Every structure is written in C-alpha cells, then in structure tokens.
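> Got a sequence here, can you build the structure:
(chains A and B)
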Amino acid sequence: SQTIHQWPATLVQPVGSPLSLECTVEGTSNPNLYWYRQAAGRGLQLLFYSVGIGQISSEVPQNLSASRPQDRQFILSSKKLLLSDSGFYLCAWRSGGFSYEQYFGPGTRLTVT
Amino acid sequence: DQQVKQNSPSLSVQEGRISILNCDYTNSMFDYFLWYKKYPAEGPTFLISISSIKDKNEDGRFTVFLNKSAKHLSLHIVPSQPGDSAVYFCAAGVNTGGFKTIFGAGTRLFVKA
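All right, here's what the predicted structure looks like:
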C-alpha cells in the first residue's frame, strides 16, 4: 500500500531563517506531487506541483521554492522566511492516469516568529 | 480570484438529519469535482468525487450532486453522525498539462448528538 511521509510535524522558525520541508511517498512510482498551504482559517492554497523528477510548476509567486531530486521525494524550501509564511503545509500525491484523487500527508505546522 | 467558493464557513446539524454542503465554481474548464474531509492537524482525506459528465454520484451515506449550468455542486450526508463533524473541502480539477486541483475555503460541519 502507498504511504506518504512529511517531516517535521511542527516547526518554529525566526523570520529570515531558511526552511526545508521534506515529503516522501512509498509504494508507488512516478507520482504527481503537490505542496499546499493552509493559512489560519483559510482553504488549501496550491503552491507547487510536479509531474516528474526536476519538473516543478509554481502556482503562486512568493519566496518559496520546490524541488524534486528523486521520483518519490518532494522538498519545499525558502532562503528567508517571512511572518506570512506561517501555516499548515501539506504534501499530496496522485497516481498517474486520469484520476484526480490526491492523497495527503499528515502536514507540517510552521510558525514563523 | 476564487475559482471554487464555499460560502458557508460553518454548518450545524442534528444527528440523524441531512447535512447539505454547497460549493460554487467559476471556471467552466473544470472537468472533475471532489470532496475531502479534514480533521484538525491532519491532512485531508478523499471522500467522494464526480465527473463533469454526470450529475449525481452516491457512496453510502454520501451523495454529490452536480449542476453544470449553475456551476454548483453539493454534498449530502444522510443520516448525519457525530463522527462526520469535520471541515469539508470542495475541490475542482482541471488538466492543463498537469492534473491541478483547486480547493475551496472549506465548511466546518458540526453534528450534534
């Protein structure tokens, strides 16, 4: 069966510090991978998605970036965090084909102070 | 630009009664619609979906209705149970070279025992 891992579960970082969040998927190959952010009291905002190694599509211009160094690994990064980067970050995957269903990881709660 | 709108931030229903959650969308290119359920501090879980070529899909206590002319969909839960209390996200999918899903802001459902 497929599983998706995200770490860390919670993170408190000062403004201006770097960020690296990691997501890995097991039990599937060549998944489409997604990063979302849920700000307090808001919906899910699509940040990045990837259809393959090294292929990243950005949905919202901001100080975040994403990379996919391996087939089942997706990394969200920032060189300098802003207060507005606080939120709940979710990684998701979908299998290939024509199915839209996505499966989400447990999320990372990021607080920028 | 909110392409997927859930105008009711919360809904309270008595156990055993019907819960109706509504969602409106603006982009006629969406070809697939999904509902996800989310508990606090967890990732969303897929609940039910419907293709744009259908107007109804049923799975146990959950039914999704799609009205394409009105660009409106709804999720019916019958009968509602206290365990259904969660945030429900409406989502719409479009294939633009990658399968993107746009989420609404969510509706928090309270089912009272």
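
> Endpoints of stretch A:100-108, how far apart?
23 Å (C-alpha to C-alpha, to the nearest Å).

> so where's chain A uncertain?
Applying pLDDT under 70 to chain A flags the ranges A:61.

> Return the nearest residue of it with respect to chain B.
Of all residues in chain A, the one sitting closest to chain B is residue A:104 (3.0 Å; C-beta to the nearest C-beta). Just so you know, the C-beta spots here come from the backbone N, C-alpha and C atoms, and that holds for glycine as well.

> you'd agree that residue is up against residue A:90?
Yes. In this structure, residue A:104 is within contact of residue A:90 by C-beta atoms under 8 Å, at 5.3 Å.

> hey, what's in contact with both of these two?
By the contact definition C-beta atoms under 8 Å, 6 or more residues apart in numbering or on different chains, residue A:104 and residue A:90 are jointly contacted by B:43-44.

> more neighbours, these two?
Shown here are residue A:104 and residue A:90; by other C-beta atoms under 10 Å in any protein chain shown, residue A:90 has more neighbours (26 against 21).

> quick one: the more buried one and residue A:36 touch, right?
Yes. Between residue A:90 and residue A:36 there is a contact at 4.5 Å, judged by C-beta under 8 Å.

> Tell me, how many residues neighbour the closest residue to chain A within chain B?
As assessed by C-beta to the nearest C-beta, chain A sits closest to residue B:43 within chain B, at 3.0 Å. Residues near residue B:43, counting by other C-beta under 10 Å, number 22.

> in the sheet, who's paired with the residue nearest to it when sequence neighbours are not counted?
Closest residue to residue B:43 apart from its sequence neighbours, by C-beta to C-beta, 6 or more residues apart in numbering or on different chains: residue A:104 at 3.0 Å. Beta-bridge pairing of residue A:104 under DSSP bridges involves residue A:92.

> Residue 21 bridge partners, please.
You didn't say which chain, so I picked chain A. Under the criterion used (DSSP bridges), residue A:21 bridges to residue A:76.

> meant chain B actually
The partner residues for residue B:21, given DSSP bridges, come to residue B:75.
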